[in-house]
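# only geometry, no sequence info:
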Ligand SMILES: CC(=O)SCCNC(=O)CCNC(=O)[C@H](O)C(C)(C)COP(=O)(O)OP(=O)(O)OC[C@H]1O[C@@H](n2cnc3c(N)ncnc32)[C@H](O)[C@@H]1OP(=O)(O)O
């Protein structure tokens, strides 16, 4: 769909940052004044930033905006691939529901094709927005509120590790945390965690490393726990803030953990042991965990941590043959898929997908009778290996045409480690 009449799509240079932030204030009602926001690191990919404005002679205010982070090593099952990450989507309330978002999405897909990116990912502000454009909820997340002192199952070697607890200092901790964070995308045993997006661009790193006072929501400045082995090699870190609340019964503080990332089981155990034993606190709150994060099985009483499950990453296959060939499959598979796609006609076809276990696939158009029929949204949902084709079939979202094919196809698309990102962007 083209941009609606009387609007035009434009590239947005960094010199228009105030226009972007003004629109963003309208779209997200953040409450942080423009003058303050102009001082904050934004991390925006200006080379891939696009706006929609009134089709008048002089550039005016923006009616819509979106951008794409050019991720080059986005983890999918068994591979790290280019991904155009859709971000900063907003339409001014005075211009909404006229088709501006739809036009921006179609532009985004064309932009991905021009940059050789077969998939798009995003985190959705509202869950109702992106399914209509073929995005599927590919990675759920878990949130926990863990009581202080919650028992953990023992892990050998945990007590031998060294721990430091420090105030965050980007110069001292930025590279160390980035190294562990990107390393986590490849554990355990090389399997890798699909969906574990890392802060690849300098803009994203700068945005993440900063700890601006205006974004602390009244809590203390960022703190960091680092776990090292006896040789001093960093194995895990967590960033957190505490917030104390005094009640008649004493202190009732909360530890808000932004990230807790460990490369070994012992380091994970040690890291959480520290977070769960901070004085004057009673709850450790963590929002964005992969659903099988080590803490889930380390906790002796998961129920006591009030697990809460919701969507994290939405994924869209934009170039079907490329995307299906880029990832690997967990078992031998030879299956014919009939795929519908209302927005990208080149994906809407019948495809034969053949792969040996743990290898890439050969993907070809075919005239053969389909074994499974599904929309691109469902194929995108299954792409990171966390939501199975079998569960989608059980919900009536994948049609099985060849009886008996579903167990093999479903096992091939699944991945032994759940997908998940642990930061919001
Ligand atoms: C990846 C990210 O950045 S997520 C951030 C998204 N941004 C926000 O949530 C900020 C506040 N909201 C907005 O800025 C706007 O309302 C947007 C971007 C969500 C939608 O922009 P619009 O230009 O109004 O959308 P547009 O007119 O193209 O609508 C396309 C379709 O999506 C539907 N739609 C759009 N927004 C929503 C929503 N929030 N909830 C449900 N449906 C929606 C429309 O009804 C329309 O449906 P149709 O195709 O059946 O007619």
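Cool, got the structure. Quantities reported herein were computed from a predicted structural model and do not represent experimental measurements.

# pLDDT score assigned to residue 423?
Confidence at residue 423, expressed as pLDDT, is 80.

# Tell me how many other residues crowd it.
Look at residue 423: counted by other C-beta atoms under 10 Å, it has 17 neighbours. Using the backbone N, CA and C atoms, a C-beta is placed for each residue, glycine as well.

# How about the residues of the stretch 101-250 of the chain by the ligand?
Residues of the stretch 101-250 of the chain lying near the ligand by C-beta under 6 Å from any ligand atom: 101-102, 122, 124-126, 128-129, 132.

# Looking at the residues you listed, which one is closest to residue 143?
residue 124 (16.0 Å; C-beta to C-beta).

# Report the secondary structure state of that closest one.
Under the three-state scheme (DSSP: H, G, I helix; E, B strand; the rest coil), residue 124 adopts coil.

# now the one 4 residues further on
With three-state DSSP as the basis, residue 128 sits in coil.

# Verify the stated contact: residue 296 with residue 289.
Yes. Here residue 296 reaches residue 289: they are 7.4 Å apart, a contact under C-beta atoms under 8 Å.

# quick one: which of those two has more around it?
residue 289 (22 against 16).

# Please report how far the residue in the stretch 201-350 of the chain that the ligand sits nearest to lies from residue 105.
Using C-beta to the nearest ligand atom, the closest approach of the stretch 201-350 of the chain to the ligand is made by residue 314 at 7.9 Å. Applying C-beta to C-beta, to the nearest Å, the value for residue 314 to residue 105 is 12 Å.

# Following the lowest-mean-pLDDT helix or strand in the chain in sequence, what is the next regular element?
Every helix and strand of the chain was ranked by mean pLDDT, DSSP states H and E. The lowest is strand 250-251, at a mean of 90. Next helix or strand after strand 250-251 toward the C-terminus (DSSP states H and E): strand 253-262.

# Run through the neighbouring helices and strands of that next one.
helix 170-183, strand 234-243, helix 265-275, strand 281-289 (3 or more C-beta pairs under 8 Å, 6 or more residues apart in numbering; DSSP states H and E).

# roughly how far is stretch 375-385 from the heart of the chain?
Stretch 375-385 sits 15 Å away from the centroid of its parent chain (C-alpha atoms, centre = their mean, to the nearest Å).

# hmm, it touching the ligand?
No. Using C-beta under 6 Å from any ligand atom, stretch 375-385 stays clear of the ligand, coming no nearer than 14.0 Å.

# State whether residue 205 is indeed within a helix.
Yes. Assigned with three-state DSSP, residue 205 falls within a helix.
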